[in-house]
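Asker: What follows is a predicted structure for the sequence shown.
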Amino acid sequence: MSTRTNKALFPILRRLSDGRFHSGQALAHEFRLSRASIYNVLNQSESMGLTIHAVRGRGYRLPDPVEWLDGDVVARHLGTVSPAYTVRVCDSVDSTNTVLMSAALSGAADGTVLCAEHQQSGKGRRGRNWCSALGGSLTFSLLWRFDNGLQSLAGLSLAVGLAIARAVNRHSRHPARLKWPNDVLVDYRKLAGILVEVQGDMHGAAFAVVGIGLNVRLSETQRDAIDQAVVDLAEMGVTTGRNQLLADCLHELHAVATLFRQRGFAALREDWLALDAYAGKAVTLLLPDTRSVQGVASGVDETGAFLLRDRQANMNAYSGGEISLRLDAGR
């Protein structure tokens, strides 16, 4: 895929958002391009996961309507919470986390939100790429600043997961649940992922850039490209628009952050445990040193560390973003 998005692509896609056919000639006239250029520009959307329906003699259309992100619409949905955020929407970036991290280092304010319709190099945990679909995902990053240092941020990724699950559960008959440390699941398939990157002093000024990716509508091709079982909101019967979904996520994140700043993860622990998808399950933890340990998942402690009961009934706590949790189907 080209790493450079044609600047005409998103204006043309927004023109096609009404679901009707638009002739190549009409699009060429409106955007002052040749018909061949229109064809080439729209071809780029296929590599981004968005299918264009082309019919000779009729033109181009989007098979399914797309609600494009709009900062003003999100602000209206946020209502009284809107002043807590500054929402910026981009068409295409390398990674919302990368761009917002740079902005944070340059002094961006607490509550800055960067949303992108498309990420060229979306970031997941443990150095992985985050796969998202143009028009079929909700990808955004949020900047939070803290006065009490990095030591006060234990459990932050779990708190974020709780907020996203709550936002989804406003609309879904299929309850979203949580996988330690930062995945949102439905029926043990991944619906959303979270990446938290932090910088600052242990006991002074610090900040966190929180990246969130939520599957809204994925094609079979996109699902096949992901190396784990996934689910999207469309499959769950959720038809809520992406601007409303983003506002709901920001509402819940604001509520969670307020409590987290005051009392830490301990104040959110019981709510997190109520949505724990792995509680009481036989699991395997894959540790950074390549060792693996097995036991029964037993929730999390007040710092957000994972609790594992081993075969001798001892309770052990594990923490760290490089640990991977797996359901042990063999036991």
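Answerer: Yes, it's here.
Asker: Pull up the per-residue confidence for Y85.
Answerer: Looking at Y85, its pLDDT is 98.
Asker: OK, contacts around the closest residue to it other than its chain neighbours?
Answerer: Leaving aside its sequence neighbours, Y85 sits nearest to G111 (Cβ to Cβ, 6 or more residues apart in numbering; 4.7 Å). Bear in mind the C-beta positions are built from the backbone N, C-alpha and C, glycine included. For G111, the contact set (Cβ atoms under 8 Å, 6 or more residues apart in numbering) comprises A84, Y85, T86, L142, L143, W144.
Asker: and if you look at A208?
Answerer: L143, W144, F146, L153, L156, V196, E197, V198.
Asker: I'd like the contacts of G111 as TSV, with distance to E322, neighbour count and secondary structure appended.
Answerer: Listed next are those as TSV, based on distance: Cβ to Cβ, whole Å; neighbours: other Cβ atoms under 10 Å; DSSP: H, G, I helix; E, B strand; the rest coil:
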residue	distance to E322	neighbour count	secondary structure
A84	32	16	helix
Y85	31	22	coil
T86	32	16	strand
L142	23	27	strand
L143	23	21	strand
W144	22	22	strand
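Asker: could the residues you listed go into a markdown table alongside distance to Q44?
Answerer: Formatted as a markdown table, the contacts of G111 follow (distance: Cβ to Cβ, whole Å):
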| residue | distance to Q44 |
| --- | --- |
| A84 | 36 |
| Y85 | 31 |
| T86 | 30 |
| L142 | 29 |
| L143 | 30 |
| W144 | 34 |
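Asker: List just the nearest of these to I226.
Answerer: Nearest to I226 out of the contacts of G111 is L142 (Cβ to Cβ; 23.5 Å).
Asker: residues contacting the closest one?
Answerer: L100, G111, T112, V113, V209, V210, I212, L250, L253.
Asker: Tell me what it is bridged to.
Answerer: Counting by DSSP bridges, L142 is bridged to V113, V210.
Asker: picking up where we left off before, which members of the contacts of G111 define the maximum pairwise distance?
Answerer: Across these (Cβ to Cβ), the longest gap, 12.6 Å, separates T86 and W144.
Asker: Can you tell me which of the contacts of A208 is closest to Y60?
Answerer: Among the contacts of A208, and counting by Cβ to Cβ, the member closest to Y60 is L143, at 37.7 Å.
Asker: residues in contact with C115?
Answerer: Going by Cβ under 8 Å, 6+ apart, C115 touches L69, G71, V74, V87, R88, V89, C90, T96, L138, T139, F140, L246.
Asker: lowest-confidence helix or strand of the protein?
Answerer: The weakest-scoring helix or strand in the chain, judged by mean pLDDT, DSSP states H and E, is helix 220-224 (a mean of 78).
Asker: which element follows it toward the C-terminus?
Answerer: Downstream of helix 220-224, the next assigned helix or strand under DSSP states H and E is helix 242-263.
Asker: downstream neighbour of that following helix in the secondary structure list?
Answerer: Downstream of helix 242-263, the next assigned helix or strand under DSSP H and E is helix 269-274.
Asker: Against which helices or strands is that following helix packed?
Answerer: With contacts taken as 3 or more Cβ pairs under 8 Å, 6 or more residues apart in numbering; DSSP states H and E, helix 269-274 sits against helix 156-169, strand 292-300.
Asker: Okay, buried residues for that helix please.
Answerer: Using 16 or more other Cβ atoms under 10 Å as the test for burial, helix 269-274 gives R269, W272.
Asker: who's in contact with stretch 302-310?
Answerer: The contact list for stretch 302-310 (Cβ under 8 Å, 6+ apart) reads 154-159, 180-181, 264-266, 269, 283, 285, 293-301, 315-319, 323, 325.
Asker: circling back to that earlier point, V231: which of the contacts of L142 is nearest?
Answerer: So of those, ranked by how close each gets to V231 (Cβ to Cβ), first place is I212, at 16.0 Å.
Asker: give me the element the nearest residue to A247 once chain neighbours are set aside is part of.
Answerer: Spatial nearest neighbour of A247, chain neighbours left out: H77 (3.4 Å); criterion: Cβ to Cβ, 6+ apart. Assessed by DSSP H and E, H77 sits inside helix 71-78.
Asker: so how far is E270 from V293?
Answerer: 26 Å (Cβ to Cβ, to the nearest Å).
Asker: wait, E67
Answerer: Taking Cβ to Cβ, one finds E67 at 35 Å from E270.
Asker: Leaving out the residues flanking it, which one is nearest to L138?
Answerer: Closest residue in space to L138, ignoring its immediate chain neighbours: L214 at 4.2 Å, by Cβ to Cβ, 6+ apart.
Asker: For this structure, give me the ranges with low pLDDT.
Answerer: Scanning the chain for pLDDT under 70 picks out the ranges 1-5, 121-131, 321, 329-331.
Asker: can you give me the strands for the stretch 51-200 of the chain?
Answerer: Ranges of strands in the stretch 51-200 of the chain, per DSSP state E, counting those that start in this stretch, are 53-55, 59-61, 86-93, 112-119, 137-146, 177-179, 183-186, 189-200.
Asker: Quick one: those as JSON lines, columns for distance to A167 too.
Answerer: Formatted as JSON lines, the strands of the stretch 51-200 of the chain follow (distance: least, Cβ to Cβ, whole Å):
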{"stretch": "strand 53-55", "distance to A167": "31"}
{"stretch": "strand 59-61", "distance to A167": "31"}
{"stretch": "strand 86-93", "distance to A167": "15"}
{"stretch": "strand 112-119", "distance to A167": "14"}
{"stretch": "strand 137-146", "distance to A167": "10"}
{"stretch": "strand 177-179", "distance to A167": "13"}
{"stretch": "strand 183-186", "distance to A167": "9"}
{"stretch": "strand 189-200", "distance to A167": "9"}
